[in-house]
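Peer 1: Kindly return the folded structure for what I paste below:
(one chain, ligands or ions: 2)
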Amino acid sequence: MFEPEQESEFDVFTDLLFNSLVAISFLFFLAFAMINPIAESGKIDPKAELLITVRWADNNPDDVDTYVEDPLGNVVWYNKREAGLMHLDRDDRGMFKDVIVVNGEEIANPLNQESVSIRGLTNGEYVVNIVQYIATTSEPLPVQVKVEKLNPVVKVVFYGTIDLNGSGDEKTAVRFTLTDGEVGDVNNRPKSLVSLTRQDKSSDGGDSLVIDPNAPAPPAGATAQ
Ligand SMILES: [Ca+2]
Ligand SMILES: [Ca+2]
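Peer 2: Ligands and ions are numbered 1, 2, ... in the order given. Okay, the predicted model is just below:
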């Protein structure tokens, strides 16, 4: 006569087991739904004439910043993401599981990459600098820098790896000159863009370079020991 009650307990157990499996399956589905778009993020078409890509190792917690100066003296960087025809897509701060927004959706992203797109070509010299804002180790940080001219066909203007050596280290990755769409004088003669952005331009009538006076300098305490 106890048999029906035993069957009932068994049914409760199987129900719990089944529901747990459903819940776990749903969590797996959610996890894969969030992971899959990462592979797609490389297909974004920036609709630009020039594309500058700065990349360092996936999941590395170090923060690298990209600075680009155009021939008119505009400088784009994390505190001024639009300048002239240039646009910095975002300030990648190197933290694991940062997010990007693609088609309105936030995507978890181990990628460490900043890119600057330039909508139109201006005759004169462009300067591309990289700066290590935060170093978490004393090891040099290899940073890949790529400059592409996109139209009418993609042409790699520069591709190289530059080591950054600690918090505050600024390197000129590449300088190049455009003349009616033709690239020339590719070199890496050092030129500081950080010091340009920290200057007070109000005395010489400059407008586009005036920046927030509260712009943070590289944190002294962040230097690796
Ligand atoms: Ca950054
Ligand atoms: Ca990142």
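Peer 1: Show me the protein divided up by domain.
Peer 2: Domain assignment for the chain by automatic domain parsing gives 3-35, 46-220.
Peer 1: Centre of the chain to the last one, how far?
Peer 2: Computed by C-alpha atoms, centre = their mean, to the nearest Å, the chain-centroid distance of domain 46-220 equals 9 Å.
Peer 1: quick one: average pLDDT of it?
Peer 2: Averaging pLDDT along domain 46-220 gives 87.
Peer 1: Please report how far Glu114 lies from ligand 2.
Peer 2: 9 Å (C-beta to the ion, to the nearest Å). Using the backbone N, CA and C atoms, a C-beta is placed for each residue, glycine as well.
Peer 1: My read is that that residue contacts Asp91, right?
Peer 2: Yes: using C-beta atoms under 8 Å, Glu114 makes contact with Asp91 at a distance of 6.9 Å.
Peer 1: Could you tell me which residues touch both of those two?
Peer 2: Asp65 (C-beta atoms under 8 Å, 6 or more residues apart in numbering).
Peer 1: quick one on the thing from earlier: so which of the domains of the chain is the most packed in?
Peer 2: Mean neighbours per residue, mean count of other C-beta atoms under 10 Å, is largest over the domains of the chain for domain 46-220, with a mean of 16.
Peer 1: close to ligand 1, is it?
Peer 2: Yes: residues of domain 46-220 contacting ligand 1 under C-beta under 5 Å from the ion: Asp63, Asp65, Asp91, Asp92.
Peer 1: Those into CSV, with extra columns for secondary structure?
Peer 2: Listed next are the residues of domain 46-220 next to ligand 1 as CSV, based on DSSP: H, G, I helix; E, B strand; the rest coil:
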residue, secondary structure
Asp63, strand
Asp65, strand
Asp91, coil
Asp92, coil
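Peer 1: overlap between those and the residues near ligand 2?
Peer 2: Asp92.
Peer 1: Closest to Gly166 out of the residues of domain 46-220 next to ligand 1?
Peer 2: Each of the residues of domain 46-220 next to ligand 1 was checked against Gly166 using C-beta to C-beta; the closest is Asp63, at 12.1 Å.
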